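**Q** The following block contains a protein sequence and its predicted model.
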Amino acid sequence: MNNEERIELFYKAGMKNPWCSGKAAKDNGDSIVEEDRLNRKSLVVLHSLEELIDFFKKWHSSYTLGHGVILKDICFIQQIPGGDEWLCLSMDEGKKEAKPFESWTFEKWVKDGSIGKLMTSLVITPHEERLKWNYRKVDEKKLFRCPRCQGYSCDYPALSRGDNRTDICSNCGSEEALQCMMFSREDFLKLFRSWKG
Ligand SMILES: [Zn+2]
């Protein structure tokens, strides 16, 4: 997927949001032209997690409405002129569609220095898990990385059935339960060791 295709996908998904598309401003009686809201030129593709973290450190609360950044399969678009209200969009693995999963204010995270950890978590977490994120519930102290899928989660962890003491995310807990039914104990333990090392 090249940069133009990536921008096109997030542009289309972002235009469904009334703030990004300028519809909310128009309904409010404000005149707004294409350059003032989300457009194909207002999204910039970044190349690394470091760039993304730096971006939010500098611009989290002073970015133009409809402008935003993309890193791989995740995109953030400013919903308020010069505000700090970011529409967060995630692209599915098949690269067919992008969906909004949050509207996030990053001020607190930048101020207390946890923006790096938060962005890392968001970027690493798989699409399906991202869609379940709720920023009001995301507590930096509770964020833990699941050793089985490498994704981050704030859900209460489950114990792996491989050794009954390793914490894994609840999704992986359900997957393991299924594997235990499908495979012999011996085969299940082989799978367990393949990620546990
Ligand atoms: Zn997991």
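**A** That came through fine.

**Q** what comes into contact with the helix or strand of the chain with the lowest mean pLDDT?
**A** Lowest on mean pLDDT, DSSP states H and E among the helices and strands of the chain sits strand 152-153, with a mean of 78. Strand 152-153 is contacted by residues 120-122, 124-125, 129, 143-146, 169-171 when judged by Cβ atoms under 8 Å, 6 or more residues apart in numbering. Any C-beta I mention is one placed from the backbone N, CA and C, and that applies to glycine too.

**Q** farthest pair in the residues you listed?
**A** Thr120 and Ser170 (20.4 Å; Cβ to Cβ).

**Q** What does Lys108 show for phi and psi?
**A** The phi and psi torsions at Lys108 (degrees, to the nearest 10) take the values phi -60, psi -40.

**Q** if I look at it, how far off is Gly14?
**A** According to Cβ to Cβ, to the nearest Å, Lys108 and Gly14 sit 24 Å apart.

**Q** the more surrounded of these two?
**A** Gly14 (27 against 12; other Cβ atoms under 10 Å).

**Q** show me the residues around that one that make contact.
**A** Counting by Cβ under 8 Å, 6+ apart, Gly14 has contacts 20-21, 38, 43, 66, 68, 75, 77, 87, 89.

**Q** Redo those residues as CSV? Include secondary structure, distance to Pro100 and neighbour count.
**A** Formatted as CSV, those follow (DSSP: H, G, I helix; E, B strand; the rest coil; distance: Cβ to Cβ, whole Å; neighbours: other Cβ atoms under 10 Å):
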residue, secondary structure, distance to Pro100, neighbour count
Cys20, coil, 9, 26
Ser21, coil, 12, 17
Leu38, coil, 12, 26
Leu43, strand, 14, 22
Gly66, coil, 14, 28
Gly68, strand, 12, 25
Cys75, strand, 9, 26
Ile77, strand, 9, 30
Leu87, strand, 6, 24
Leu89, strand, 5, 26
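
**Q** which among those residues are in contact with the ion?
**A** When these are checked against the ion using Cβ under 5 Å from the ion, none falls in range.

**Q** Now Leu65. Nearest residue, chain neighbours left out?
**A** Leaving aside its sequence neighbours, Leu65 sits nearest to Pro81 (Cβ to Cβ, 6 or more residues apart in numbering; 4.3 Å).
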